[in-house]
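> What shape does this take:
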Amino acid sequence: MSFASEFKEFALKGNVMDLAVGVIIGAAFGKIVDSLVADIIMPIISRLLGGLDFSNYFVPLAGQTATTLAEAKKGGAVFAYGNFITVALNFAILAFIVFLMVRQINRLKKAPPPAVAPATPEDVVLLREIRDALVRH
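As a prediction, this is how the structure comes out:
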């Protein structure tokens, strides 16, 4: 088997294609969560906390006197812990959503309870008793 045909067989297997689709959808979903946090959740949190802007929380490491993170980065190294707070919040939301999805999928996958055998009709029970009585004699 040639290298090219072996690679083609590997690449076209169902699991590889499923994984590729999952990665692409996951990346797009990550962008949605980023936007949700940056454009909706963080402004609400900022408003509740008196107008704080987490994206501009930083500690200058090169003696800058900048007021925004972008200005500080131009002047040298910065410890941008506000960005870390935002990314950590993104992760927490994404992990929670994935947890809810997996939980729901597991609920749908649960095996139905075993079916209870229907009760044997009374006439069948009586016929079996007669049969068993005749076999014994």
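
> my read is residue 43 is in a helix, agree?
Yes - applying DSSP: H, G, I helix; E, B strand; the rest coil, one finds residue 43 inside a helix.

> how many neighbours does it have?
Counted by other C-beta atoms under 10 Å, the residues lying close to residue 43 total 13. Any C-beta I mention is one placed from the backbone N, CA and C, and that applies to glycine too.

> before we move on, what about residue 69?
When neighbours are defined as other C-beta under 10 Å, residue 69 has 18 of them.

> Could you do residue 86 as well?
Residues near residue 86, counting by other C-beta under 10 Å, number 19.

> contacting residues around it?
By C-beta atoms under 8 Å, 6 or more residues apart in numbering, residue 86 lies in contact with 37, 38, 42, 54, 55.

> does it belong to a helix or a strand, and which?
Assigned by DSSP states H and E, residue 86 belongs to helix 81-109.

> picking that back up, buried among the contacts of residue 86? Make that a PyMOL selection.
To isolate the buried subset of the contacts of residue 86 in PyMOL, counting by 16 or more other C-beta atoms under 10 Å, use the following:
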select buried, resi 37+42+54+55
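
> The contacts of residue 86 in strands, which ones?
Of the contacts of residue 86, none are assigned to strands by DSSP state E.

> just to revisit the earlier point, which positions in the helix holding residue 86 come out as buried?
For helix 81-109, a neighbour-count test (16+ other C-beta under 10 Å) marks 82, 86, 89, 90, 94 as buried.

> Nearest to residue 109, out of those residues: which one, please.
Of all the buried residues of helix 81-109, residue 94 has the smallest distance to residue 109: 22.3 Å, by C-beta to C-beta.

> I'd like the distance between that closest one and residue 88.
Here residue 94 is placed at a distance of 11 Å from residue 88 (C-beta to C-beta, to the nearest Å).

> contacting residues for residue 68?
With contact set as C-beta under 8 Å, 6+ apart, residue 68 has these partners: residue 56.

> Now that we're looking at the most centrally placed residue in the chain, what pLDDT does it have?
With distances taken as C-alpha atoms, centre = their mean, the residue of the chain nearest its centroid is residue 98 (2.0 Å). According to the prediction, residue 98 has pLDDT 80.

> cool, the one 5 residues further on as well?
The pLDDT attached to residue 103 in the predicted structure is 90.

> With that, I have no additional questions.
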